[in-house]
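Trainee: Dropping the sequence and predicted coords here.
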Amino acid sequence: MKYAALSLGALLIVTPMLWLLVSSLKTTPEIIARPPVWLPGVPQWRNYLRVFAEIPMLGYYLNSFLVAGSVSLFVLFTSSLSGYALSKFKFPGRELIFKGILATMMIPSLLFIIPMYYLMLRVPLAGGNDFAGLGGSGFLHSHLSLIFPFVVSAWGIFLLRQFFMSVPDDLLSAARIDGCSEFRIYLQVALPHAKPALATLAIFTFVGQWNSFLWPLVITTSAPELTTVPVGLQMLQVAFNPSINLHLIFAGIVLGTVPAVILFLLLQRYYVQGITLTGLKE
Amino acid sequence: MNRKTRQTLTAYSFLSPALIFYAIVLIFPLGFSAYLAFHRWNMLTPPGSAPAVGLSHFTYLLTLDDLFRAALRNTVIFALGTVAAGMLLALLVALAINRMKSAPLWRFLFFVPMVITPVAIGIVWKYLYEPAYGLINSGLRLLHVPAQSWLSSAEQALPAIMLVAIWANLGGMIIVFEAGLKNIPAMYFDQARLDGANHWQQFRHVTLPLLKPTIAFLSITGLISAWQVFDLVFVMTRGATIAGGAAGSAPLESTIVVALHIYQTAFEYLRMGRASAMAFILFFVILTVTLLLLRLLRKGGIEET
C-alpha cells in the first residue's frame, strides 16, 4: 500500500521529465501525434546539433557559467566573512545586524528591479558614462549587471553563521595564542573547517543563478548579447516556430537543463545538508 | 586598545564587504523605490524632476485598477494553495519514507524537479497541458474522462499552474520534514506506545507538536517565495501560442499575479512609480503574513535564530 502510493507519486514526478527527454529525440509529427507515440521511430540525435547550429546556445552557456560562477565566488567570500564575524565575535550591534540581515529575506526582489536597473545604467565612468553617471549605458551591456546585484546573500550569511557556531572556539583560541592575525585564523583555521558548508552554499548559489529568470529577462531585453540559458529557453519558442520545430524546442530545454542536473547528481549530499542546516537548527 | 574594542573592530572589518554591498544593493534601492512610489517617472527623464503625485498610485491601485486586484487575489490563492497542499503532500511522503531503507532513492526522485529551471518546467508543462495532443488529456481519455482545456480556460488555468508549482517544490519540503522527523527522540514514541496510544494518537500528540518548528519554517519560507511567483506564470501564460493548439489562452485576469503585473507595468508600460507602489503593497502583504505566522507559531524555534 505504502509502496504503491509512493510509486504512483514518484511516477507523477518523473513522467514529465522522461517525456521531455524522449520528446527531444522525436520529430514534431511524432510529438503531436494522436494517440501519442511513446518512443521515436528513429532517435533524432541531430536535434541537439541543430540547436547549437541555429541558435547561439554556446553563448547562452558561456553567459550563464560566467554569471553563476562569479556570483558564487562573491557570495562565498561575503557570506563566510560575515557569518564568521556574526558567530565568533561578541560586539555591540551583533544581534541587530543579524536580525536585520534575516529581515531582508522578507523584502520582495521586485522592489529592487527598478532602482537596480537605474543604478546599473548610471554607474559612473562605465559603459561611456561620465563622472556623474550620465551619457552612456553604465553596466547595462556588461556581465557585471547580472552579477553585481547578487554579491551578498542573506541566506548565505545565515547558513555559514549556523555552521561556524558549531566550530569549537578552542580551535581558534589555540591559533590566537600562537599569535596568528584574526584574518589568518579565518583563512587558515575556520575556512578549511567549513568546507562542507562552503560547498553547500556554492552549489545552491550556482544552481539558483543558473535558473534565475526575472532579472536576466529585464537586463537582456536591452542587451541581447548577455542572454543567459533560461532567457534563451523562453526565446526558443520565438526562435523556432513551434508548429514545425517543437523537437528543437525540447532539445534546447534538455541542453539548458543538463548542467544543473549534472551538478546536482554529483553533489546531492550537499543539497540535503544545506536544506536541513538552515531549516532546523536555531 | 583593549580586547573588547579590538574584537569589535575586527568583527566590523569582517562584516564590511557585506555591509557596503548591502548599502548599495539594498538600502539605496529601498529608498529610491519609496521615492518612486510617490512620483510619476518613466526611467527616461532624470528622477529628480519627476512630478510628485502623493498617494495617487496607491489609491488608484486599491480602488480603480481591476487588474491589480485580480493579481492580488490570484497571488493569495496561489501562495496559500501551493504552500498548504505542498506541505501536506510532503509530510505524507516524509512520514512514509522516514526510516525506510530505500529513503535516499525516493528522496532523490522527488527532489529532481527542484534543480530544473522554472522556465524549462513551465514550457514542458505547457505542452503537457495542451488540450489536443498533450499527455495529460491523452491520459484522461484512456480513463474515459473528457479532455479539459487547462491553460486556455479561465477557471482551470490558475489551478493548473499551481499544480506545477507544487510538483516542482515538493522535494525540498520532503527533505525538511524528514530532517524534522529524525529530530524527534524515539523515546517519546516509546512512551506514547506504553501509554497505549495508537498510530493516529502518536501522530496527533507527539509528531505534530514536535514538528511545529519545521512547519513554521516551511510555511514562512514557502510563502515568502510564493508571494513573488513570476517565472512559471510568465512562461505558461505568455509567449508564442503553442504548436497545433487550436485553443487560445485564458484571459489575463484569470492568471495574472502581482509580480507579473509589476514587470509589465514597469518594463512594458514604463510606469515606474506605479510599479514601485505595487511592490510596496506586496512587501506589506509579505511582512504582515510573515509576522503573523511567527507570532502564531511562537516557541517554534524560528524566532530564536
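Mentor: Done, it's in.
Trainee: What is the burial count for residue 151?
Mentor: Because you didn't say which chain, this covers chain A. Close neighbours of A:Val151, defined as other Cβ atoms under 10 Å in any protein chain shown, add up to 20. C-beta here means a position set from N, CA and C on the backbone, and glycine is covered the same way.
Trainee: Actually, chain B is the one I wanted.
Mentor: Other residues close to B:Leu151 by other Cβ under 10 Å number 27.
Trainee: Distance check, it against A:Pro115.
Mentor: The gap separating B:Leu151 from A:Pro115 is 34 Å, by Cβ to Cβ, to the nearest Å.
Trainee: For B:Gly54, which residues are in contact?
Mentor: By Cβ atoms under 8 Å, 6 or more residues apart in numbering or on different chains, B:Gly54 lies in contact with B:Phe38.
Trainee: Helix, strand, or coil at it?
Mentor: Three-state assignment for B:Gly54 (DSSP: H, G, I helix; E, B strand; the rest coil): coil.
Trainee: Likewise for B:Thr59?
Mentor: Under three-state DSSP, B:Thr59 falls in the helix class.
Trainee: how close does B:Ser102 get to chain A?
Mentor: Going from B:Ser102 to chain A by Cβ to the nearest Cβ, to the nearest Å gives 9 Å.
Trainee: Per-residue pLDDT of that residue, please?
Mentor: Note for B:Ser102: predicted pLDDT of 90.
Trainee: And for it, the neighbour number?
Mentor: B:Ser102, neighbours per other Cβ under 10 Å, totals 10.
Trainee: Dump stretch A:88-108 to CSV, restricted to CA.
Mentor: The C-alpha coordinates for stretch A:88-108 follow below in CSV (Å, rounded to 0.1, in the frame of the first residue of the first chain):
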residue,chain,number,x,y,z
LYS,A,88,32.7,34.0,16.6
PHE,A,89,32.9,37.6,17.8
LYS,A,90,31.0,39.4,20.5
PHE,A,91,30.4,43.0,19.7
PRO,A,92,27.8,45.7,20.1
GLY,A,93,25.2,45.7,17.3
ARG,A,94,25.7,42.0,16.5
GLU,A,95,22.1,41.0,17.2
LEU,A,96,20.8,44.0,15.3
ILE,A,97,22.9,43.3,12.2
PHE,A,98,22.0,39.6,12.2
LYS,A,99,18.3,40.2,12.6
GLY,A,100,18.4,42.9,10.0
ILE,A,101,20.1,40.6,7.6
LEU,A,102,17.4,37.9,8.2
ALA,A,103,14.7,40.5,7.8
THR,A,104,15.9,41.4,4.3
MET,A,105,14.7,38.0,3.2
MET,A,106,11.1,39.3,3.5
ILE,A,107,11.7,42.1,1.0
PRO,A,108,10.3,41.1,-2.4
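Trainee: quick one: that stretch near chain B?
Mentor: Yes: shown here: stretch A:88-108 in contact with chain B (Cβ under 8 Å from any Cβ of the partner chain) through A:89-92, A:94, A:97, A:101-102, A:104-108.
Trainee: Pull out the buried positions in that stretch.
Mentor: Across stretch A:88-108, burial judged by 16 or more other Cβ atoms under 10 Å in any protein chain shown covers A:88-89, A:91, A:94, A:97-98, A:101-102, A:104-108.
Trainee: contacting residues around B:Trp167?
Mentor: Contacts of B:Trp167 by Cβ under 8 Å, 6+ apart are A:12-13, A:16, B:113.
Trainee: go again using 7 Å as the cut-off
Mentor: Going by Cβ atoms under 7 Å, 6 or more residues apart in numbering or on different chains, B:Trp167 touches A:13, B:113.
Trainee: Phi and psi next, for A:Pro36.
Mentor: phi -60, psi 140 (degrees, to the nearest 10).
Trainee: What sits closest to it if chain neighbours are left out?
Mentor: B:Ser138 (5.0 Å; Cβ to Cβ, 6 or more residues apart in numbering or on different chains).
Trainee: how many neighbours does that neighbour have?
Mentor: Neighbours around B:Ser138, by other Cβ under 10 Å: 17.
Trainee: again, but for A:Ala132
Mentor: Neighbours around A:Ala132, by other Cβ under 10 Å: 9.
Trainee: Low-confidence stretches in the chain?
Mentor: Answering for chain A, as no chain was given. Applying pLDDT under 70 to chain A picks out residues A:278-282.
Trainee: I was thinking of chain B, sorry if that wasn't clear
Mentor: Residues of chain B that meet the cut-off, pLDDT under 70, sit at B:1, B:239-248, B:299-305.
Trainee: Name the residue closest to the centre of it, please.
Mentor: What sits nearest the mean C-alpha location of chain B, by Cα atoms, centre = their mean, is B:Ala226, with 1.4 Å.
Trainee: Distance of that residue relative to chain A?
Mentor: Taking Cβ to the nearest Cβ, one finds B:Ala226 at 11 Å from chain A.
Trainee: do B:Tyr263 as well
Mentor: In terms of Cβ to the nearest Cβ, B:Tyr263 sits 7 Å off from chain A.
Trainee: so how far is the helix or strand in which that residue is found from its chain's centroid?
Mentor: Element membership for B:Tyr263 (DSSP states H and E) is helix B:258-267. Between the centre of helix B:258-267 and the centre of its chain there are 17 Å (Cα atoms, centre = their mean, to the nearest Å).
Trainee: do stretch B:46-61 as well
Mentor: Worked out by Cα atoms, centre = their mean, stretch B:46-61 lies 29 Å from the chain centre.
Trainee: Buried by neighbour count: which residues of it qualify?
Mentor: Across stretch B:46-61, burial judged by 16+ other Cβ under 10 Å covers B:47, B:50, B:53, B:57-58, B:61.
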